[in-house]
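Peer 1: could you look at this predicted model? Sequence included:
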Amino acid sequence: MREYATQMEAARKGIITAELKIVAKKELMTAEELMPLVAAGKVVICANKKHICIDPQGVGSMLKTKINVNLGVSRDCKDYDIEMKKVLEAVNMGAHAIMDLSSHGNTIPFRRELTSKCPAMIGTVPVYDSVIHYQRDLNTLTAKDFIDVVRLHAEDGVDFVTLHCGITRKTIEQIKQHQRKMNIVSRGGSLVFAWMSMTGEENPFYEYYDEILDICREYDVTISLGDACRPGCLADASDVCQIEELVRLGELTKRAWEKDVQVMVEGPGHMPIDQIAANMKIQQTICDGAPFYVLGPLVTDIAPGYDHITSAIGGAIAASAGAAFLCYVTPAEHLALPNLEDVKQGIMASKIAAHAADIAKGVRGAREIDDRMAEARRVFDWEAQWECAIDPETAKKIRADRKPEHEDSCSMCGKFCAIRSMNKALAGEHIDIL
Ligand code: SF4
């Protein structure tokens with residue numbers, strides 16, 4: 001019998017859980033160093049007690065930056081087998097979390113398959129699933145219907161749920177008054193907004209937050225406080241709608257902590273580079289250091305087809321300034337459901353952003369592999385280079401495709417190879433160029 005309900009409660013009671021031990025080892029920390037961070041809410045260990053096969057991860061700005069991969073079927077692309085294949089490949093490529101955003105068919109078997117087979121953290125957005133689950137129009141759903149779906153996801157072993165608790169009836173007026181260019185671009189946020197508009201009632205995820213906290217406490221589900229008003233274009237970045245919601249998310253964070261419920265806070269969105277670091281600092285201040293989970297940020301609006309790059313630029317800056325968790329973005333963003341190749345491109349871009357940020361932040365153990373790569377490059381140890389590479393298969397393929405005449409160079413410069421020339425010069429050897 002567990003003497004605690006959540007990882008946060010355990011840490012507050014001084015109990016070293018099996019999950020905390022594993023996370024501490026991965027982060028090159030002692031359990032004693034990690035425990036106060038979990039107790040204070042600065043690190044979350046998203047591990048629903050019913051997700052038995054989980055390989056626990058910690059999410060917090062002082063830990064290695066984690067990455068999330070969004071998957072799930074839609075009405076137009078509805079093959080659950082293909083989606084499961086993408087999930088397993090995503091985990092092999094390094095995804096720490098999978099968010100199931102399925103919006104078609106019976107979502108229960110896929111969700112249960114995820115929490116019985118997938119070692120990554122599993123996240124969902126219950127408000128999407130509510131319409132699908134009940135097969136009824138949005139305006140016919142009741143507050144109780146929404147809460148029951150949160151409970152269903154908790155019982156199914158989901159580790160974190162995105163809940164758009166921060167928009168209220170006041171937001172309806174604000175959105176009308178401030179005339180944002182892109183209004184609300186959060187899928188869940190737009191559903192909550194639409195439900196409030198049609199029913200005239202308050203946001204159920206805000207109104208019945210205490211009930212939700214009780215469910216999350218029972219199963220140790222981490223709440224990822226959704227940012228319904230995240231900017232969907234540069235023009236809407238850091239506007240009053242975004243900041244007003246963030247203030248409410250800060251209040252909701254503290255209410256969750258009073259019940260030992262773990263919390264992450266979701267963030268932008270689209271944002272010019274010069275606003276990113278300030279946004280991270282504001283979030284950390286308002287939300288008392290709760291881990292920030294950013295959806296990008298995409299640093300320009302004009303690169304459809306390349307938004308894995310626009311978001312990797314923003315993600316690297318955000319994580320180096322304090323964000324803890326990056327939601328990947330694929331080249332298909334704004335265009336289509338990602339296929340397997342898009343998923344790969346999105347994961348690699350996010351991994352690069354996360355790693356670059358970890359080096360800048362001085363996260364333990366982050367930098368050593370870069371120094372090993374430099375050493376391997378200097379001595380032309382190609383096998384060691386593949387071992388250090390984020391995507392060795394692609395690197396090997398490119399080299400094999402355009403092979404050089406000699407192993408101690410590549411086909412870029414051949415005998416003009418600077419590394420080769422310097423190695424020879426410093427060893428006092430003759431340097432043959434022609
Ligand atoms: S040939 Fe040029 S690009 Fe290739 S390893 Fe040498 S210096 Fe680098």
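Peer 2: That came in fine, so what should we check first? Just so we're clear, the structure is a prediction, and the values are computed from it rather than from any experiment. Numbers count the residues shown, from 1 in each chain.

Peer 1: tell me which helix or strand the closest residue to residue 276 other than its chain neighbours sits in.
Peer 2: Leaving aside its sequence neighbours, residue 276 sits nearest to residue 317 (CB to CB, 6 or more residues apart in numbering; 4.7 Å). (Each C-beta comes from the backbone N, C-alpha and C, glycine too.) Assigned by DSSP states H and E, residue 317 belongs to helix 307-320.

Peer 1: now that helix: mean pLDDT?
Peer 2: For helix 307-320, mean pLDDT is 98.

Peer 1: next: stretch 111-129.
Peer 2: 95.

Peer 1: endpoints of that stretch, how far apart?
Peer 2: With CA to CA, to the nearest Å as the measure, stretch 111-129 spans 11 Å from end to end.

Peer 1: would you indicate which residues of that stretch are buried?
Peer 2: 111, 114-115, 118, 120-129 (16 or more other CB atoms under 10 Å).

Peer 1: quick one: which of those sit in strands?
Peer 2: Under the assignment DSSP state E, the buried residues of stretch 111-129 contribute 121, 122, 123, 124 to strands.

Peer 1: kindly indicate which of these lies nearest the ligand.
Peer 2: Checking those against the ligand by CB to the nearest ligand atom gives residue 121 as the nearest, at 38.7 Å.

Peer 1: partner residues bridging the closest one?
Peer 2: Residue 121 has these beta-bridge partners by DSSP bridges: residue 97.

Peer 1: where does the stretch 251-400 of the chain get nearest to the ligand, which residue?
Peer 2: residue 377 (7.0 Å).

Peer 1: work out for me the element the closest residue to that residue other than its chain neighbours sits within.
Peer 2: Distance criterion CB to CB, 6+ apart; nearest residue to residue 377, sequence neighbours excluded, is residue 385 at 6.3 Å. For residue 385, the element it lies in under DSSP H and E is helix 382-388.

Peer 1: for that helix, buried residues please.
Peer 2: Quick answer for helix 382-388 (16+ other CB under 10 Å): 385, 388.

Peer 1: counting contacts, what elements does it pack onto?
Peer 2: helix 368-378, helix 392-401 (3 or more CB pairs under 8 Å, 6 or more residues apart in numbering; DSSP states H and E).

Peer 1: dump the ones you listed into JSON lines; add mean neighbour count as well.
Peer 2: Shown next, in JSON lines, are those (neighbours: other CB atoms under 10 Å):
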{"stretch": "helix 368-378", "mean neighbour count": "13"}
{"stretch": "helix 392-401", "mean neighbour count": "12"}
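
Peer 1: put together TSV for those, with mean pLDDT and distance to residue 271 on each row.
Peer 2: Shown next, in TSV, are the helices and strands packed on helix 382-388 (pLDDT from 0 to 100; distance: least, CB to CB, whole Å):
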stretch	mean pLDDT	distance to residue 271
helix 368-378	98	27
helix 392-401	96	29
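
Peer 1: now those in a markdown table, with distance to residue 256?
Peer 2: Supplementary listing: these in a markdown table, determined by distance: least, CB to CB, whole Å:
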| stretch | distance to residue 256 |
| --- | --- |
| helix 368-378 | 36 |
| helix 392-401 | 41 |
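
Peer 1: ok, back up a step: which one of the ones in strands among the buried residues of stretch 111-129 sits closest to residue 86?
Peer 2: residue 122 (14.1 Å; CB to CB).

Peer 1: my guess is the closest one meets residue 101, correct?
Peer 2: No: taking contacts as CB atoms under 8 Å, residue 122 lies outside contact range of residue 101: 11.6 Å.

Peer 1: what residues does the chain put near the ligand?
Peer 2: Those residues of the chain that sit near the ligand, judged by CB under 6 Å from any ligand atom, are 409, 410, 412, 413, 417, 418, 419.

Peer 1: and the first one, how many neighbours?
Peer 2: Same thing as residue 409. Residue 409 is flanked by 18 other residues according to other CB atoms under 10 Å.

Peer 1: list the residues that contact it.
Peer 2: 380, 415, 417, 419, 420 (CB atoms under 8 Å, 6 or more residues apart in numbering).

Peer 1: can you check the third one too?
Peer 2: Residue 412 makes contact with no residue under the criterion CB under 8 Å, 6+ apart.

Peer 1: so which helix or strand takes in it?
Peer 2: Assigned by DSSP H and E, residue 412 falls outside every helix and strand.

Peer 1: the last one too?
Peer 2: Taking DSSP H and E as the definition, residue 419 sits inside helix 418-426.

Peer 1: which other helices and strands contact that helix?
Peer 2: Checking 3+ CB pairs under 8 Å, 6+ apart, helix 418-426 ends up next to helix 368-378.

Peer 1: which helices and strands does the helix it packs on pack with?
Peer 2: Here helix 368-378 touches helix 382-388, helix 418-426, going by 3+ CB pairs under 8 Å, 6+ apart.

Peer 1: what about stretch 69-84, average pLDDT?
Peer 2: Averaged across stretch 69-84, the pLDDT comes to 85.

Peer 1: pull the CA atoms of that stretch into PDB?
Peer 2: Extracted in PDB, the C-alpha atoms of stretch 69-84 (Å, rounded to 0.1, in the frame of the first residue of the first chain):
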ATOM      1  CA  VAL A  69       5.600  14.100 -29.900                       C
ATOM      2  CA  ASN A  70       2.000  14.600 -30.800                       C
ATOM      3  CA  LEU A  71       0.300  11.700 -32.600                       C
ATOM      4  CA  GLY A  72      -3.200  10.200 -33.000                       C
ATOM      5  CA  VAL A  73      -5.700   9.700 -35.700                       C
ATOM      6  CA  SER A  74      -8.000  12.200 -37.400                       C
ATOM      7  CA  ARG A  75     -11.100  11.800 -39.500                       C
ATOM      8  CA  ASP A  76      -9.000  12.000 -42.700                       C
ATOM      9  CA  CYS A  77      -6.100   9.800 -41.500                       C
ATOM     10  CA  LYS A  78      -7.700   7.100 -39.300                       C
ATOM     11  CA  ASP A  79      -5.400   4.100 -39.200                       C
ATOM     12  CA  TYR A  80      -4.600   3.200 -35.600                       C
ATOM     13  CA  ASP A  81      -2.000   0.600 -36.700                       C
ATOM     14  CA  ILE A  82       0.000   3.200 -38.600                       C
ATOM     15  CA  GLU A  83      -0.300   5.600 -35.600                       C
ATOM     16  CA  MET A  84       1.000   2.900 -33.200                       C
END
